[in-house]
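Q: what follows is a predicted protein model with its sequence.
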Amino acid sequence: MSPIKSPFLKEPQTVAIIGCPFSAGQQRLGVDKGPIHLVEAGLTDQLAELGWRVTFDGHHQFEELSVTDDPPIGKLRNPRFVSRVNESVAKVVGGHAARGELPLTLGGDHSLAMGTISGTLGTYPNACVIWIDAHTDINTPETTDSGNLHGMPVSFLLGLGAKVPEFGWIKPLLKAERLVYIGLRDIDAGEKRILRENKIKAFSMHEVDKYGIGKVVEMALDHVNPNRDLPVHLSFDIDALDPSVAPSTGTPVRGGLTFREGHYICEAVYETGLLVALDLVEVNPHLEDEFSVNKTVTVGCSLVRAALGETLL
Ligand SMILES: NC(=[NH2+])NCCC[C@H](N)C(=O)O
Ligand SMILES: [Mn+2]
Ligand SMILES: [Mn+2]
């Protein structure tokens with residue numbers, strides 16, 4: 001029995017867990033401990049229980065890639081380190097995808113999507129990206145206020161904004177019409193302009209309230225995957241969930257997805273049978289109290305299970 005009825009994955013269906021203890025895309029300590037907590041919570045066994053062959057080669061040791069001198073380039077913080085780590089993540093994710101496995105990247109901050117989505121698109125050039133987040137993470141080197149690269153991966157993938165030679169390895173393989181957002185509620189002014197100018201489809205919490213999550217996911221899939229035949233990369237930032245559901249994250253924004261809305265998205269993507277890669281990022285076990293951390297890690301594991309075939313019935 002295979003967990004997904006998938007036109008893309010090879011038998012025995014394999015999920016490759018890629019632990020990415022990485023935090024240099026933002027400034028709060030602890031998000032690099034996210035993957036360790038998710039794995040220690042038992043995620044590997046939970047996925048095996050769903051029928052997957054699970055591989056996990058230990059958490060990546062990015063220290064080897066660290067740079068002694070990494071001054072900002074313009075506003076961009078830790079640019080060389082972020083670039084190098086993502087280049088290596090792209091190779092790892094791409095390698096698993098090319099072997100017909102499903103890479104599950106555990107972050108770490110969301111700058112990691114530069115690597116994960118580059119890896120997916122290298123193997124599946126027509127893949128679409130479903131980005132679940134409170135934020136659009138589409139600032140360019142020109143529009144960013146914070147200089148934090150976790151707020152910018154999407155612009156690099158689309159090839160928007162000033163070209164930074166250090167990030168020259170990123171091929172702008174993502175097309176605006178193959179990207180859709182759900183859960184948005186904190187978008188910078190410059191980002192709003194980019195969304196408009198590039199006609200990027202986005203469902204904020206306003207649309208979730210108006211139409212309900214079922215309709216929103218259907219409309220999102222209709223946009224990026226009208227014939228339901230393209231591979232899907234699901235990039236899930238835990239801060240898409242309401243802080244009452246997932247408090248331990250670096251940039252919480254109130255008014256987010258409920259527990260069920262978050263799970264519904266994952267379940268609906270699973271049901272398409274088209275999922276080829278999954279990211280779960282921005283779990284920060286150093287933030288808030290022990291109860292909050294447990295809650296956040298537990299909901300993170302359960303979102304992953306939902307995307308990989310756990311059903312309620
Ligand atoms: N992956 C995230 N949590 N991103 C938050 C980004 C916040 C803000 N838009 C920035 O550019 O810094
Ligand atoms: Mn976010
Ligand atoms: Mn994000």
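A: Perfect, I can see it now. Numbering: from 1, shown residues only. Ligands and ions are numbered 1, 2, ... in the order given.

Q: residues near Ala104, how many?
A: To be clear, residue 104 is Leu; Ala isn't right here. Other residues within reach of Leu104, judged by other CB atoms under 10 Å, total 27. Every residue, glycine included, has its C-beta placed from N, CA and C.

Q: whoops, Pro12 was the one
A: Neighbours around Pro12, by other CB under 10 Å: 11.

Q: quick one: secondary structure of it?
A: coil (DSSP: H, G, I helix; E, B strand; the rest coil).

Q: please report how far it lies from ligand 2.
A: Distance from Pro12 to ligand 2, counting by CB to the ion, to the nearest Å: 34 Å.

Q: and if you look at Glu310?
A: In terms of CB to the ion, Glu310 sits 24 Å off from ligand 2.

Q: surely that residue and Leu47 touch.
A: No - Glu310 is beyond contact range of Leu47, at 9.2 Å (criterion: CB atoms under 8 Å).

Q: so between the two, which is more surrounded?
A: Per other CB under 10 Å, whichever of Glu310 and Leu47 has more neighbours is Leu47, with 24 against 19.

Q: which is the next helix or strand following the helix or strand hosting Thr120?
A: Here Thr120, judged by DSSP states H and E, is contained in helix 113-123. Downstream of helix 113-123, the first helix or strand assigned by DSSP H and E is strand 128-132.

Q: buried ones in stretch 41-57, by neighbour count?
A: In terms of neighbour count (16 or more other CB atoms under 10 Å), stretch 41-57 has its buried residues at Ala41, Leu43, Thr44, Gln46, Leu47, Leu50, Trp52, Val54, Phe56.

Q: between those, which is nearest ligand 3?
A: Leu43 (20.2 Å; CB to the ion).

Q: for the nearest residue to the closest one once chain neighbours are set aside, helix, strand, or coil?
A: Distance criterion CB to CB, 6 or more residues apart in numbering; nearest residue to Leu43, sequence neighbours excluded, is Cys301 at 5.0 Å. On the three-state scheme (three-state DSSP), Cys301 is labelled helix.

Q: how many other residues sit next to Cys301?
A: 21.

Q: list the contacts for it?
A: By CB atoms under 8 Å, 6 or more residues apart in numbering, the contact list for Cys301 reads Leu38, Ala41, Gly42, Leu43, Gln46.

Q: pull the contacting residues for the last one.
A: Each residue near Gln46 by CB under 8 Å, 6+ apart is listed here: Cys301, Arg305.

Q: just the element for it, please.
A: Assigned by DSSP H and E, Gln46 belongs to helix 43-49.
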